[in-house]
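Student: I would like the atomic coordinates for the input below:
(4 chains)
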Amino acid sequence: MSLLKWCFKKSLWVFHFAASPCNNCDIEILDLLTPRWDIERFGMKLVGSPRHADVLLLTGSINKKIAPKVKEVYEQTAKPCIVAALGSCGCSMGIFDTEVNYNRAGPADNVIPIDIYIPGCPPKPEAMIMALVKAINKL
Amino acid sequence: MKTTKIPIGPYHPLLEEPECFTLYVEGEKVIDVELSVGWNHRAIEKITASKNYDQGVFVVERICGICSTSHPFAYVQAAEEAGNVKVPQRAHFIRTIIGELERIHSHLLWVGLAGHFIGYNTVFMWGWKWREPLLELLEMITGNRNHYAMFKVGGVRRDIDVALFNEMNKRLDVIWQKTDMITKAVLDDPVLHARLKGIGVLSKEDALNYCVVGPTARASGVFQDIRYCHPYAAYNQVEWKVIVQNEGDVFAKAVVRLLEIFESIKIIKECLKKMPEGEIDSRPEKMEKGDGIGVHEAPRGEVFHFIRSNGDNVPERVKIRAPSFMNIPSFKATCMGEYISDVALITAAVDPCYCCTERMIKVIDKEKNNGELTFNDLIKLSHNKTRKIMEETGKEFIKLENI
Amino acid sequence: MNREEKIEKYLKELNEKYKIEIYKKNERKYYLTTSKDTAPDLVRFIFRNYNARLSIMTAIDTEKGIEIIYHLPLDCLNAFFNVRTFVDKKKPEIESVGKDINGANWIEREINELFGVNFIGHPNLKHLLLREDWQEGLYPLRKDFDLLKKGKI
Amino acid sequence: MMLILKNLFYFLIFPGLLFLTIAGCLLHFIDRKITALVQSRIGPPWYQGFADFFKLLYKETLVPKNANTFLFFLAPLISFSGTLLASIILLNILFGFYQSFIGDVIVIIYLLIFPSLGIILAGSASSNPIASVGASRESKLMLGYELCLLISFAIVILKNNSLFINSIISNQPVIYSVSGLIAFLTSILCIHAKLGFVPFDIAEAETELIAGPFIEYSGPPLALFYLSKFILFLFLPIFLVTMFWYSANIIFFILKFLIIITIMILIKNTNPRLRIDQAVKFFWIKLFVLNVISLILALIGKYYNILWL
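Tutor: Next up, the predicted model:
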C-alpha cells in the first residue's frame, strides 16, 4: 500500500471551490499555476469536477445560501481527500465575523470537517504552497 | 428540436466565483438564459453601517479581490463629500497612481482569463506572467499584493518615496513592450478572429437600455468614462484619451481593454512627473451632516457609493453598487442564439465580478423541491417552458422582463 | 451654451412640468424632492430626454418613512440629478420604472427584498439576494430588523 | 503449454500491457514537460504519468444515482480494450513475433473506433446533462475526422495494393509521392483530433463542459480512460510511421516518431480551441477536398504507374 500512498502524495488534483469569497483568494490560487509559482512541479493540477479532486480548496466565508451546496459537493468528492480552508474568511469569517451579518452560516468548519487552515487575506502564494506541502507530509 | 437545460454553475471551473445561470438550449444554440445570483451575499451594507469611517474602508476593500482599490476610492470620496473634508493635492496624485496600477493588473488578468476560456493556455500563462512584476511593485508601495489599505477619509495612508519612482518607470516600460507583444499576438491571430469576432454583440440601444457601464459600454460605442465625464482625483490634470469601439462584440471588448492598459501606463508616468510635494493626509476631526456620492471608474465600470452621515463618526447609511451589477443582466441580450461554447466566452467578456455584485440566488425547482432531476425530467421541463413562452408571446422568444 | 446654462435650462423645464423642490449641494449634485406618484414619471422624463443613465436607486429607512433616491448621472454634463421621494412604512408601494429602463429590474428586486417596498408593475418581483425560503415579512436592512429572530436557516 | 506462456508474455509483458503503460506514461510526461517549457514554466517530474494513474486506482469510485451502472462501467473497458488490442497486434507484427494476417490493417482501423465509442458511451451513460452534451460533441467530431483518416489510409492501401502490413513495410514508403505526402499531413491532423488535443478538444473542453463525458467518473474507471489516452498517444504516431514512412532500422523509426510527436505538441500549444461547427467545417470542407485530390492523384499515378505521383 505504501506505493499507492506515495503516488497519492505525488499527484494531488486540486479542486477550487468558492463559497461566497471576495475572489482574491481564488485569484491567488490561479496565481499558483502561473510560471512564477508553478505547482505543477509537485504534480498538482487544477481539475474541473469534484469527482476527480483530491484536495478541496474552500475559499470565502460561507453564507446561508451556499451552505447546502458546500455539503453537497463535499459528499461528491471521492474520499480520501484533504479539505483546506483558505484565507481568513475560511478560517474565521475574517472581517465579516459580526453578529450584524444576517446572512452568515459560520466559518468553514461549521459546515464540513477541515484539515488545513491557511490564514492571510489574501494568503501569499508561498504560504499556500507551504500549507499544501505540510498537508502532503501529514498524509 | 429537443431542448436541454444546461445548468452552468454554481461550481464551474470557468468561473472563479459562484454564479449560476441555466441555459435553455436547442442542440447547440441557446434559446433562453435564466440568471440566478446570490451566492455571495455577505450583508456588507449592514456591516458598513455599523463601522466608523476608518474601519469601513477595510470592510469595503474586501468586497472584491481584483478591484480592491476601487471600492475604497469611491467610499472615501463619498465620505469626503458628505462631510465636506478637504484632501491635499499629493494624496490625489497617489490615489490616481494606485487606481491606474490596479486597472493594468486587472486588465492583464482578464486577457489571461479570456485566453484560458477559449483554450489558449499560452496567452493565459503569458498574461499572468507579466502581471507578477506589477503585483511585486504594488507590494513594494503598499505592503500587500492585493488588499492595499492605502486610502483613508481625508487622504492616503502611506507616501510613495522618490526612490521607488525609477523602479516604477523601469517596470512600466517592460509592461509596455509585453502588452505590445500580447496585443499584436491577439489582434492578428486568424483563429482568435474566428472565435472572438461577431459573437455576443451588444448593440448601442441595448447598452443604453441596460445602463451598462465601463468597457462593456465603451465597446458598444457609448462614450462614457467616469474619469473623463465626472473628473475626480488627478484625472483632469493629466491628458489621456477615452477608447471607444463600435462593434460591441467580444473582440471589441478585448481591444478596448488592451488599449486601456497603454493609457493607464501613460497616466502613471505623467503623475510621477507632476507629483507635487506636501503632506498626504488632512486628518479630518469632525464630519458634517449630509449626503455624499462617490464614483470611480473601476476596471469593470463605474463603482457608486452613497453615504449619509449624521455628524458622528459612524455613517447612517452606506449604499454600494458594483459595476457588474449593471453589466450582468446584459447577458440576456448577448447570449441569445449563440453556441454553448461561445456563451462561456460571452459571459466572461463582461468580466463579471460576482463578489462585487454580491447578489446571488439559486432558482430552486418548486414541485420537485430540488429533488434529483432525471435527464428526461430536464427535457420535459424545458419543453413545457418553451411551449409556455411560445403561447404567451406568440412565437417571440426573447422575454426581456423576467430576468 | 456651456454647462451651467444647460443645467439651468433643464432645471427650469423640470420645475414647470413637475412639482419639485430643488436643493443644490454643490455645482455637480442636485437633489430634486417630489411626491411618490410623480417620481417615476420624472425619472423616465430625465432618462429619455437628457440621455441620463440610471446609476442606482438607494433606499433609506428614516422616521418620515422609507426614502428612495433615484441617482441619474448626466455623463456629458458632469452632473448628478438625484430624485428623492418618501414612501410610508405601513404600505410601502411605488410604481416601477423597470418596464422601460431594463437596468432597473435588479435594483428594484433588491430594494423590494431588503426593504419590503412593493413595485407595482414590476414583471418579476422574486428574491434576488436571499434564499427562496427566507421568512416572509422580515426585511434585514430595516432599522426595526431584530437581529435575534433572524431568518431561519 | 510453452505456446500459451509465449503468447502471454507477448500480450502482457513485452510489447503488451507493461511496456505500453510505461511508454505511455513517459510520453505523457514528455508532452506535459514541453507544454510547460513553452509556457516558460518548470514542468512536472518524470514519474508524473505513473503517479496520476496509480493514484486514481487508490481512490473510491462514485456512481451517480440515475446512471445506467452496467454501461457506466462498460465504457472504460471498451475504450481500453480497443486501444490495447490494436497496439498489441501492430507492435507484435513490427517486432516480428507474429505473422501479419490478411486484412490486419482493416482490423486495426476498426479497433481504433473503440476509444471514441467508449467516450460516447460514457457521456450518455452518466445521467449528467453536461456529459451528454460532451458525448454528442464527441460523436460530431468523430464524423468529421474519421472520413479523412480512412481516405488517407485508402491511399496507402491503393499504392501498395495489399492489405498486409508486411507488404506495406517491404514496399517503398508511400510518403515519397505527392499524394502520399498530402495524406500523411492530413492524417496527422486527424489523429490530433482523435486524441482530443487542444484545437479539437471540444468534447471535454475543460472550461465549458468541465470534463465533458468524464465528469461523473472517479477512481479506477477514470484511470482506465486516462491509460487508454496515454497508450493512444503512443500507438497512433507509430501506426502512421508504419503506414507512410517505414524504415527498417530502429533509430530512424524512433526519429520519425519523435518528429510527429513534436509537430502535434507544437500544434497543441500554439492555437486556441475551435468551436464544434468550425472544427467539423474544417474537416469536411478543407481536409476532405485535399484528400479527394490526393486520392485522384494516387489513382492517376497507379493507372499510368508514375511512381512520384
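Student: so which bits of chain A are right by chain D?
Tutor: With the criterion set to C-beta under 8 Å from any C-beta of the partner chain, chain A comes near chain D through A:3-8, A:10-11, A:34-35, A:38, A:40-41, A:43, A:47-49, A:51-52, A:54, A:76, A:78-80. Where C-beta positions appear, they are placed from N, C-alpha and C, glycine not excepted.
Student: return the subset of those residues lying in helices.
Tutor: When helices are assigned by DSSP state H, the members of these inside them are A:3-8, A:10, A:76.
Student: which among the residues of chain A next to chain D count as buried?
Tutor: Neighbour counting over the residues of chain A next to chain D (16 or more other C-beta atoms under 10 Å in any protein chain shown) leaves A:7-8, A:10-11, A:34, A:38, A:40, A:43, A:47-49, A:51-52, A:54, A:76, A:78 as the buried ones.
Student: who does the longest helix anywhere in chain B touch, helix- and strand-wise?
Tutor: Among the elements of type helix in chain B, defined by DSSP H, the one spanning the most residues is helix B:89-117. Judged by 3 or more C-beta pairs under 8 Å, 6 or more residues apart in numbering or on different chains; DSSP states H and E, helix B:89-117 is in contact with helix B:70-82, helix B:121-129, helix B:132-142, strand B:155-156, helix B:163-187, helix B:250-274, helix B:340-349.
Student: check contacts around residue B:82.
Tutor: Applying C-beta atoms under 8 Å, 6 or more residues apart in numbering or on different chains to residue B:82 gives the contacts B:287-288, B:290-292, B:307-309, B:315.
Student: nearest residue to the middle of chain A?
Tutor: residue A:57 (1.5 Å; C-alpha atoms, centre = their mean).
Student: kindly state the beta-bridge partners for it.
Tutor: Residue A:57 has these beta-bridge partners by DSSP bridges: residue A:16, residue A:84.
Student: now do the contacts for it.
Tutor: Residues counted as contacts of residue A:57 (C-beta under 8 Å, 6+ apart) are A:14-17, A:29, A:84, A:86.
Student: re earlier: buried residues in the longest helix of chain B, which are they?
Tutor: B:90-117.
Student: shouldn't residue A:91 be in contact with residue A:108?
Tutor: Yes. Residue A:91 is within contact range of residue A:108, at 7.3 Å (criterion: C-beta atoms under 8 Å).
Student: looking only at neighbour counts, state which of those two leads.
Tutor: More crowded of residue A:91 and residue A:108, by other C-beta atoms under 10 Å in any protein chain shown: residue A:108, with 27 against 21.
Student: so where does whichever residue of chain B sits closest to chain D fall, helix or strand?
Tutor: Here the residue of chain B nearest chain D is residue B:119; by C-beta to the nearest C-beta that distance is 3.0 Å. Using DSSP states H and E, residue B:119 sits within no helix or strand.
Student: next, the contact list for the closest residue in space to it that isn't next to it in sequence, please.
Tutor: Setting aside the residues directly before and after it, residue B:119 is nearest to residue D:273 in space (C-beta to C-beta, 6 or more residues apart in numbering or on different chains), at 3.0 Å. Contacts for residue D:273 (C-beta under 8 Å, 6+ apart) come out as B:118-120, B:195, B:341, D:198-202, D:205.
Student: residue D:273 in helix, strand or coil?
Tutor: Put simply, residue D:273 is coil when judged by DSSP: H, G, I helix; E, B strand; the rest coil.
Student: and the closest residue to residue D:102 other than its chain neighbours, how many residues sit next to it?
Tutor: Of all residues beyond its chain neighbours, the one nearest residue D:102 is residue D:163 (6.1 Å), with distances taken as C-beta to C-beta, 6+ apart. The criterion is other C-beta under 10 Å. On that basis, residue D:163 has 16 neighbouring residues.
Student: measure residue D:163 to residue D:153 for me?
Tutor: Distance, residue D:163 to residue D:153, using C-beta to C-beta, to the nearest Å: 11 Å.
Student: next one: residue D:2
Tutor: Residue D:2 sits 36 Å away from residue D:153 when distances are taken as C-beta to C-beta.
Student: more neighbours: the two, which one.
Tutor: Relative neighbour count places residue D:153 above the other of residue D:2 and residue D:153, with 22 against 6, counting by other C-beta under 10 Å.
Student: correct me, but that one touches residue D:187?
Tutor: Yes. Shown here, residue D:153 and residue D:187 form a contact pair, counting by C-beta under 8 Å, at 7.4 Å.
Student: anything in contact with each of these two?
Tutor: Common contacts of residue D:153 and residue D:187, defined by C-beta under 8 Å, 6+ apart, comprise residue D:243.
Student: re the thing from before, my guess is the residue nearest to residue D:102 contacts residue D:157. True?
Tutor: Yes. Distance between residue D:163 and residue D:157: 6.4 Å, which falls inside the contact criterion (C-beta under 8 Å).
Student: residue contacts, the nearest residue to residue C:95 once chain neighbours are set aside?
Tutor: Beyond its immediate neighbours in the sequence, the residue positioned closest to residue C:95 (C-beta to C-beta, 6+ apart) is residue C:40, lying 4.6 Å away. Residues near residue C:40 by C-beta under 8 Å, 6+ apart: C:94-97.
Student: over to residue D:220?
Tutor: Taking C-beta under 8 Å, 6+ apart as the criterion, residue D:220 is in contact with D:56-57, D:59, D:61.
Student: at 7 Å instead, please
Tutor: The neighbourhood of residue D:220, defined by C-beta atoms under 7 Å, 6 or more residues apart in numbering or on different chains, consists of D:56-57, D:61.
Student: for the residue nearest to residue D:238 when sequence neighbours are not counted, pull up the helix or strand it's in.
Tutor: Distances taken as C-beta to C-beta, 6+ apart place residue D:257 nearest to residue D:238, at 6.2 Å, with adjacent residues excluded. Here residue D:257, judged by DSSP H and E, is contained in helix D:250-270.
Student: buried residues in that helix?
Tutor: Result for helix D:250-270 [16+ other C-beta under 10 Å]: buried residues D:253, D:256-257, D:260-261, D:264-265, D:267-269.
Student: between those residues, which is closest to residue B:257?
Tutor: residue D:269 (24.0 Å; C-beta to C-beta).
Student: once you drop chain neighbours, what's closest to residue A:124?
Tutor: residue B:145 (7.1 Å).
Student: what pLDDT does the one you found get?
Tutor: At residue B:145, the pLDDT value in this model is 83.
Student: check residue B:369 too.
Tutor: At residue B:369, the predicted lDDT confidence score is 34.
Student: in chain C, which spans are helices?
Tutor: Listed from the start of the chain, chain C has helices (DSSP H) covering C:3-17, C:38-49, C:104-115.
Student: please identify the deepest-packed of those helices.
Tutor: With neighbours taken as mean count of other C-beta atoms under 10 Å in any protein chain shown, these reach their highest mean count in helix C:104-115, at a mean of 23.
Student: what's around residue 122, how many residues?
Tutor: Using chain A. One way to gauge burial is a neighbour count; for residue A:122, by other C-beta under 10 Å, it gives 30.
Student: other chain: chain D
Tutor: 31.
Student: surely it touches residue D:75?
Tutor: Yes. Counting by C-beta atoms under 7 Å, residue D:122 sits close enough to residue D:75 to count as a contact (3.8 Å).
Student: so which strand or helix has residue B:319?
Tutor: Secondary structure from DSSP H and E places residue B:319 in strand B:317-321.
Student: does any part of that strand sit near chain C?
Tutor: Yes. Contact between strand B:317-321 and chain C, assessed by C-beta under 7 Å from any C-beta of the partner chain, occurs at B:317, B:319, B:321.
Student: before we move on, what about stretch B:323-340?
Tutor: Yes. Shown here: stretch B:323-340 in contact with chain C (C-beta under 7 Å from any C-beta) through B:325-326, B:329.
Student: shaky segments in chain C?
Tutor: Within chain C, the segments meeting pLDDT under 70 span C:1, C:129-133, C:144-153.
Student: which residues of it fall in strands?
Tutor: Under the criterion DSSP state E, strands of chain C are mapped to C:21-26, C:29-33, C:56-62, C:65-74, C:79-87, C:93-95, C:118-120.
Student: list the strands paired with the first one, with their directions.
Tutor: It stands for strand C:21-26. Next to strand C:21-26 in the sheet, as set by DSSP bridges, lie strand C:29-33 (antiparallel).
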